[in-house]
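[1] A structural model of the following input is requested.
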Amino acid sequence: MRVSKYVRLTPQQIEILRSRTRHWLGDRAHLQLFGSRTQDNAKGGDVNLLIETQQLSDFWC
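    Down below sits the predicted model:
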C-alpha cells in the first residue's frame with residue numbers, strides 16, 4: 001500500500017489500519033483514506049475510509 005506524504009495520521013495509526021484490513025479482508029483489499037485527513041492544512045477531522053475487496057461477501061456471511 002502506498003502512503004501519501006499528506007496523510008494526517010501517525011505511522012502507528014497507518015499500520016493499525018493496514019494490519020486490521022489485511023487480517024479481516026485479506027492482502028488484496030485496497031484501503032483509501034479520503035476527506036479532511038488528506039488535506040495537510042486542515043485541522044481535526046474524522047477518518048474516512050474506502051475499502052475495496054473481492055472478499056466482502058464472505059466477510060458478512
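
[2] wait, Leu31 sits on Arg18?
    Yes. Leu31 lies in contact with Arg18 (Cβ atoms under 8 Å); the separation is 6.8 Å. From N, CA and C alone the C-beta is placed, and that goes for glycine too.

[3] Between these two, which is the more surrounded one?
    Legend: neighbour count by other Cβ atoms under 10 Å for Leu31 and Arg18, higher for Leu31 (17 against 14).

[4] which residue sits closest to the spatially most central residue of the chain in space, ignoring its chain neighbours?
    Nearest to the mean C-alpha position of the chain, by Cα atoms, centre = their mean, lies Leu31 at 4.2 Å. Ranked by Cβ to Cβ, 6 or more residues apart in numbering and with sequence neighbours excluded, the top spatial neighbour of Leu31 is Thr21, at 4.9 Å.

[5] can you confirm the one you found is in a helix?
    Yes. The assignment for Thr21 (DSSP: H, G, I helix; E, B strand; the rest coil) places it in a helix.

[6] Can you report how many residues lie near it?
    18.

[7] ditto for Leu25
    With other Cβ under 10 Å as criterion, Leu25 counts 19.

[8] tell me the pLDDT at it?
    For Leu25, the model assigns a pLDDT of 86.

[9] Could you check how far it is from Leu31?
    According to Cβ to Cβ, to the nearest Å, Leu25 and Leu31 sit 9 Å apart.

[10] just Leu17 next, same as before
    From Leu17 to Leu31 the distance is 6 Å (Cβ to Cβ).

[11] who touches Leu50 in this structure?
    Leu31, Gln32, Phe34 (Cβ atoms under 8 Å, 6 or more residues apart in numbering).

[12] Look up the closest residue to the last one, ignoring the ones flanking it.
    Read that as Phe34. Per Cβ to Cβ, 6+ apart, closest to Phe34 is Asn48, 5.0 Å.

[13] what's the spacing between the one you found and Asp27?
    23 Å.

[14] of those two, who's got more company?
    Neighbour count, other Cβ under 10 Å: between Asn48 and Asp27, Asn48 has more, with 12 against 7.

[15] confidence score at the more buried one?
    Predicted confidence (pLDDT) for Asn48: 84.
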